Each structure stands twice: as structure tokens, then as C-alpha cells.
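Okay, structure incoming, though there's no sequence with it:
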């Protein structure tokens with residue numbers, strides 16, 4: 001029996017050292033990757049930087065190049081029940097307030113958006129721009145940990161509202177705030 005312990009103890013020590021080294025390397029790589037990535041502080045009043053969005057067809061657009069409007073940025077996926085439940089109210093809100101200067105930017109986080117997003121667009125009658133986040137750049141910028149995540153910004157990209165989780169967007173409280181922000 002003592003001979004098994006003599007063999008097992010060094011093996012266990014070596015495994016612990018290897019696992020520890022791998023964890024240290026992973027933490028270092030993760031830290032370096034985040035040093036190159038801007039992130040937004042999602043609090044009311046914070047200013048969003050200009051950033052690039054990628055359309056379904058792969059073309060890129062800068063948020064700074066979009067018309068100056070009050071905008072709702074909504075992170076969603078077709079597999080997310082709460083996202084699908086709130087989508088009709090987002091569509092309704094956009095239809096009602098688009099003539100007054102309101103726009104929705106939907107950022108889809110599905111793994112294969114080309115396959116699933118066109119069906120969702122048709123199902124919900126989405127007429128606002130839908131973008132993809134295949135490389136997770138937007139999710140990292142907005143520090144998205146759960147969806148749906150919605151951020152409403154003013155014409156100067158200042159955050160007006162942050163909502164994590166599903167919501168009924170046609171509610172009186174939202175419409176009152178939106179009417180105020182559009183003035």
C-alpha cells in the first residue's frame with residue numbers, strides 16, 4: 001500500500017499544478033482580451049461610444065451614422081421565451097412612435113441568425129433594423145449576461161433607460177417616458 005501512495009501523491013501534485021497553470025493562462029488571456037474591448041457602463045446618463053453594428057447581410061453601420069433619434073437597442077434571440085413574448089410590444093411601440101423620431105435597433109445573439117431571424121422578422125412583422133452579434137462584440141461592449149436586455153438612448157447616445165428581462169413595452173409608463181424623451 002505505501003508504494004501506491006508514493007506513486008499517487010506525485011501524480012496528484014502534478015495534476016494540480018497543471019490545472020492551476022491552465023487556469024492562470026486562461027485568466028491571463030481573458031484579461032488581455034478584455035483590455036482591448038471597451039465596455040459601457042449601463043447606467044442612466046452614461047454616454048455610449050460610437051460603435052459598429054453588423055446587418056444580417058454582413059454590411060456594417062456605425063451608430064453615429066444613424067439618424068439622430070431616440071433609439072431602443074434590444075438584445076434578443078429566437079430561443080429566448082421572454083424575448084419572443086416582448087417582441088410584439090416592441091414592434092407596436094416602434095410603429096406608434098417612429099413618425100415622432102423613435103427607432104429600434106434589434107441585436108440578435110442567435111448562433112445562426114441567418115437561419116432563424118428571417119422567420120422571426122416575418123412572424124412579428126419587424127420593420128426596424130435587425131443586426132447580428134456573431135463575434136459577441138456588442139454583447140461584450142454592453143456586458144450582456146442575460147437577454148432580453150434593452151437600452152434606450154437619446155439623440156446624443158446618452159442612456160435614458162436600461163431594462164433587463166422581458167417587459168410589456170406598450171405600457172402607459174413607457175409611453176409617457178417615450179413621449180417626454182421625444183420632445
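That came through fine. Note that the coordinates shown come from a computational prediction; the quantities given were computed from them, not determined experimentally.

Only C-alpha atoms from now on, for both contacts and neighbour counts.
Fine.

what ranges do the strands span in the chain?
Secondary structure of the chain, counting by DSSP state E: strands at 52-55, 60-62, 70-76, 102-108, 130-132, 149-153, 159-164.

what's around residue 122, how many residues?
Look at residue 122: counted by other CA atoms under 10 Å, it has 10 neighbours.

go on, residue 43?
When neighbours are counted by other CA under 10 Å, residue 43 registers 13.

From residue 80, how far out is it?
24 Å (CA to CA, to the nearest Å).

now do residue 168
For residue 168 relative to residue 80 (CA to CA), the value is 15 Å.

And for residue 18?
Residue 18 sits 38 Å away from residue 80, going by CA to CA.

which one of the two has more residues nearby?
The neighbour comparison of residue 18 against residue 80 (other CA under 10 Å) goes to residue 80, with 15 against 12.

close enough to count as contact, the more buried one and residue 146?
No. Residue 80 is beyond contact range of residue 146, at 9.8 Å (criterion: CA atoms under 8 Å).

Can I get the strands of the chain in JSON lines including mean neighbour count?
Below are those laid out as JSON lines (neighbours: other CA atoms under 10 Å):
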{"stretch": "strand 52-55", "mean neighbour count": "17"}
{"stretch": "strand 60-62", "mean neighbour count": "12"}
{"stretch": "strand 70-76", "mean neighbour count": "23"}
{"stretch": "strand 102-108", "mean neighbour count": "23"}
{"stretch": "strand 130-132", "mean neighbour count": "23"}
{"stretch": "strand 149-153", "mean neighbour count": "22"}
{"stretch": "strand 159-164", "mean neighbour count": "17"}
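
Let's have those strands in JSON lines, adding distance to residue 124.
Shown next, in JSON lines, are those (distance: least, CA to CA, whole Å):
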{"stretch": "strand 52-55", "distance to residue 124": "18"}
{"stretch": "strand 60-62", "distance to residue 124": "24"}
{"stretch": "strand 70-76", "distance to residue 124": "13"}
{"stretch": "strand 102-108", "distance to residue 124": "13"}
{"stretch": "strand 130-132", "distance to residue 124": "12"}
{"stretch": "strand 149-153", "distance to residue 124": "18"}
{"stretch": "strand 159-164", "distance to residue 124": "21"}
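
Quick check: mean pLDDT of stretch 174-183?
Stretch 174-183 shows a mean pLDDT of 95.

May I see the buried residues of it?
Within stretch 174-183, the residues that count as buried by 16 or more other CA atoms under 10 Å are 178, 181.

What lies in contact with it?
Residues outside stretch 174-183 that contact it (CA atoms under 8 Å, 6 or more residues apart in numbering) are 70, 100-102, 154, 169.

swap the cut-off to 6 Å and go again
Identification of contacts with stretch 174-183 by CA atoms under 6 Å, 6 or more residues apart in numbering yields no residue at all.
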